[in-house]
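1. next comes the sequence, and after it the predicted model I'd like to discuss.
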Amino acid sequence: MSSSTYKIIEVVGTSKSSWEEAAMNAVETAAKSLRDLRVAEITKLDMKVENGKVAAYRARVSLSFKYQGGD
């Protein structure tokens, strides 16, 4: 039986239009420097407010990726 080890990090993505886009930005940006991403879990959603209006959507995302050399 083989075993694997994964690392979990947390990133925050932003968007001016939606939480979905904010989460997608977080994953796609992280994927540029991390290899073998496995799972993305949205852990928190919030908004930046300026002058009583929503200025940006933010998504906090936990990402897991496999350590190199594991199965």
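-> Yep, it's here. Numbers count the residues shown, from 1 in each chain.

2. CA atoms for contacts and neighbours, from now on please.
-> Will do.

3. for the residue most central in space within the chain, what are its contacts?
-> Geometric centre of the chain, nearest residue: Val61, 3.5 Å, by C-alpha atoms, centre = their mean. Val61 makes contact with 10-13, 23, 26-27, 40-44 under the criterion C-alpha atoms under 8 Å, 6 or more residues apart in numbering.

4. nearest to Ser4, of those residues?
-> Ala40 (17.5 Å; C-alpha to C-alpha).

5. can you tell me the helix or strand for Asn25?
-> helix 19-31 (DSSP states H and E).

6. now do that helix: distance to the chain's middle.
-> 6 Å (C-alpha atoms, centre = their mean, to the nearest Å).

7. shaky segments in the chain?
-> Residue ranges of the chain with pLDDT under 70: 1-2, 69-71.

8. do that again at 80, thanks
-> Along the chain, the model assigns pLDDT under 80 to residues 1-3, 67-71.

9. let's verify the residue nearest to Leu34 when sequence neighbours are not counted: helix, strand, or coil?
-> Excluding the flanking residues, the one nearest Leu34 by C-alpha to C-alpha, 6 or more residues apart in numbering is Phe65, at 7.6 Å. Three-state assignment for Phe65 (DSSP: H, G, I helix; E, B strand; the rest coil): strand.

10. isn't Phe65 right up against Tyr6?
-> Yes - with contact defined as C-alpha atoms under 8 Å, Phe65 reaches Tyr6; the gap is 5.4 Å.

11. ok, Asp46 to Ala22 distance?
-> To Ala22, Asp46 is 10 Å away according to C-alpha to C-alpha, to the nearest Å.

12. those two: which is more packed in?
-> Under the criterion of other C-alpha atoms under 10 Å, the comparison of Asp46 against Ala22 puts Ala22 first, with 22 against 12.

13. pretty sure that one sits against Met47.
-> No - Ala22 lies out of contact with Met47 (C-alpha under 8 Å); the separation is 10.5 Å.

14. now for Gly13: which residues touch it?
-> Contacts of Gly13 (C-alpha under 8 Å, 6+ apart): 22-27, 58-61.
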